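K.L.:
the following block contains a protein sequence and its predicted model.
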Amino acid sequence: MTAVQVSAQDLFRAAYENRYTWDQAFPGYTADVSLTVDGDTFTGRAQVNPDMTAEVFDVADEQAKKLIHGQLWETSIHRVRRTFEQTHGENSFTYGDTDAAGAVEILMGGKAEGDRYKLQGNVVTLVHRHIHGVVITINTFDVQNTEAGYLSHTYDSVYHDPKTGEQKGGKSEFEDHYEKVGNYYILSRRVIRTEANGKASVNDFVFSNIRLLDPKAA
């Protein structure tokens, strides 16, 4: 009897649903924050609200404040829980190649025509998406597994022009660490190493004294 091959859509759905996200009861949190940029350190406080909006306080340097806010916003966006149908209901899925490491390529059609992903088991190891007029490519190398899904631990990202293929900006390498606070995994550190035009830069974000907000106080 021949085994029935899992459809590309079902394989992708399994990986999509294996990502770690926050549930509807997420109360938000506060944290102390420090950002070190190439040796200069800025400190302050941050708050992520139940609606995933972020606020940064007591950081005098506006550029540092903007960088901290940007990382909190980007992280929270990836924790939003949406059903597979909400995110990919207008897309179609077909198998592409399988690489030497066994990662399976998924090619997108429909609304996401031209996008592609790679899956290693139930983990998305490559994202290649057209978004906001650029193409972003993310390779994930290592993940942190939790009882409620996986979080990316080390990965890189690079942007290209969708028409010319020209690289836009430098390639960034990320290293993320998460701490479990109550029932939720919260980003406690993110190191971003970027190299552009032969110059390397390091941004080191540290979030400490993380405390969940009291939902009764909302």
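P.N.:
Sure thing, it's come through.

K.L.:
looks to me like residue 72 is in a helix.
P.N.:
Yes - Residue 72: assigned to a helix according to DSSP: H, G, I helix; E, B strand; the rest coil.

K.L.:
for the closest residue to it other than its chain neighbours, list each beta-bridge partner.
P.N.:
Taking Cβ to Cβ, 6 or more residues apart in numbering as the measure, residue 72 lies nearest to residue 54, with 3.8 Å between them; neighbours along the chain are not counted. Backbone N, C-alpha and C define where each C-beta goes, glycine included. Following DSSP bridges, residue 54 is listed with bridge partners residue 48.

K.L.:
you'd agree residue 54 is up against residue 33?
P.N.:
No - in this structure, residue 54 is not within contact of residue 33 by Cβ atoms under 8 Å, at 10.6 Å.

K.L.:
so what's the most centrally placed residue in the chain up against?
P.N.:
Taking Cα atoms, centre = their mean as the criterion, residue 78 is the residue nearest the geometric centre of the chain, at 5.3 Å. Residues in contact with residue 78 (Cβ atoms under 8 Å, 6 or more residues apart in numbering) are 19, 21.

K.L.:
circling back to that earlier point, joint contacts of residue 54 and residue 33?
P.N.:
Taking Cβ under 8 Å, 6+ apart as the contact rule, the neighbours common to residue 54 and residue 33 are residue 46.

K.L.:
what are the C-alpha coordinates of the helix or strand hosting residue 56, in CSV please?
P.N.:
For residue 56, the element it lies in under DSSP states H and E is strand 54-57. Included here for strand 54-57 are C-alpha records, laid out as CSV according to Å, rounded to 0.1, in the frame of the first residue of the first chain:
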residue,chain,number,x,y,z
ALA,A,54,4.8,49.5,22.6
GLU,A,55,6.0,52.4,24.6
VAL,A,56,9.5,53.5,25.6
PHE,A,57,10.3,55.8,28.5
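
K.L.:
what is the mean pLDDT for stretch 13-22?
P.N.:
The average pLDDT for stretch 13-22 rounds to 95.

K.L.:
could I get the buried residue list for the helix or strand of the chain with the lowest mean pLDDT?
P.N.:
Evaluated with mean pLDDT, DSSP states H and E, the helix-and-strand set of the chain has its lowest mean pLDDT in helix 84-88, which scores a mean of 90. Using 16 or more other Cβ atoms under 10 Å as the test for burial, helix 84-88 gives residue 88.

K.L.:
which elements pack onto it?
P.N.:
Contacts of helix 84-88 with other secondary structure elements, assessed using 3 or more Cβ pairs under 8 Å, 6 or more residues apart in numbering; DSSP states H and E, are made with helix 8-16.

K.L.:
show me how far the helix it packs on is from its chain's centre.
P.N.:
With Cα atoms, centre = their mean, to the nearest Å as the basis, helix 8-16 stands 18 Å off its chain's centre.

K.L.:
one more: stretch 189-201?
P.N.:
17 Å.

K.L.:
and for it, what's in contact with it?
P.N.:
37-38, 71, 75, 169-177, 202-207.

K.L.:
how close does the residue nearest to the centre of the chain get to residue 183?
P.N.:
Taking Cβ to Cβ, to the nearest Å as the criterion, residue 78 is separated from residue 183 by 18 Å.

K.L.:
residue ranges with poor pLDDT in the protein?
P.N.:
Applying pLDDT under 70 to the chain flags the ranges 1-4, 216-218.
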